[in-house]
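Enquirer: Give me a model of this one.
(one chain, ligands or ions: 1)
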Amino acid sequence: MTGSGGAAGGGCLVEVSSIGIRTDLAGVRRVAAETGLHIVQGTGFYLEGALPSSVAELPAGDLAAVMIAEIEEGIDDTGIRAGIIGEVGTMSLTDTEVKILRASARAQLATGAVISLHAHPNFRLGERIVGILTEEGVPVDRIIVGHMDENLVAFGPGLAHIDYHRKLASLGVWLQYDTFGAECYYDSTGLREPLDAERAYAVAAIASEGHLGQLLLGMDVWPDRRAGHAAPGRADRRGHQDHAGRQPAPGTSAVRFVTWPGPR
Ligand SMILES: [Zn+2]
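Expert: Model (predicted):
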């Protein structure tokens, strides 16, 4: 993956497999060494269901301390210092998710590191999430709202939720369209990923409305190792946790980085 990413002109990869989903930090270091790519490793806490149960019990200050230590001192004994807080998982904004957001804010203020959010598909709670972070004092230009493109369409045609994007853009945060290449639907939920053409239309619309400088693009990859469908050499969404996922057209991603061990 990283070989093709580098060949395409990429020099840096942001690896936001955070606590709960990261599994192979030695592998991250090895990839960086072998490819020459600069890899930014994330800290922070992923979706509640992927976290140790102890996280629900710990106070925000303790969670912040974990992140600050991983940024300033390093992650366990790997010698790797985290460079970004994320991805920070949110779905319906449970009490634990809110606590993690407040802890992430404290870690941001202590270190200056950017917060990158996994804002789960079909929740569209970005304004409340950003409100929690800014209430804690985080500057808006230190906040990345991820998976915007997964909060763009309904099952039918059209950009059903483009106004949600406009509202977030007006707040001044970074909007990240990071699942380019994923064109599929999920039988279990009735949701679908947008087509890349829809992603492009949304990016163009938000940019043309004065927010070009707030846009980030990416190619998140989350194949399910259990399915074993990921084809060598390219990102392949057929291996998504939802086994009913379909990919009608070949992916266009140039980057493949398999980190996902379980439910997304
Ligand atoms: Zn995510």
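
Enquirer: where does residue 12 land on pLDDT?
Expert: pLDDT recorded at residue 12 is 89.

Enquirer: and the residue of the stretch 151-264 of the chain found nearest the ion, what does it touch?
Expert: Closest approach between the stretch 151-264 of the chain and the ion, counting by C-beta to the ion: residue 220, at 6.2 Å. For every residue, glycine as well, the C-beta is placed using N, CA and C. By C-beta atoms under 8 Å, 6 or more residues apart in numbering, residue 220 lies in contact with 146, 147, 178, 179, 182.

Enquirer: Distance check, residue 116 against residue 39.
Expert: Taking C-beta to C-beta, to the nearest Å as the measure, residue 116 falls 14 Å from residue 39.

Enquirer: Residue 68 too?
Expert: As judged by C-beta to C-beta, residue 68 and residue 39 stand 21 Å apart.

Enquirer: Have a look at these two and say which one is more surrounded.
Expert: Neighbours per residue (other C-beta atoms under 10 Å) separate residue 68 from residue 39, with residue 68 holding more: 21 against 18.

Enquirer: That one is in what secondary structure piece?
Expert: Taking DSSP states H and E as the definition, residue 68 sits inside helix 60-72.

Enquirer: Show me which residues of the stretch 1-150 of the chain are close to the ion?
Expert: Within the stretch 1-150 of the chain, the positions adjacent to the ion are 87, 118 by C-beta under 5 Å from the ion.

Enquirer: For the residue of the stretch 1-150 of the chain found nearest the ion, pull up the helix or strand it's in.
Expert: Closest to the ion within the stretch 1-150 of the chain is residue 118: 3.3 Å, counting by C-beta to the ion. Assigned by DSSP H and E, residue 118 belongs to strand 115-119.

Enquirer: Okay, now the sheet partners of that strand, with direction.
Expert: Sheet partners assigned to strand 115-119 using DSSP bridges are listed as strand 84-90 (parallel), strand 143-146 (parallel).
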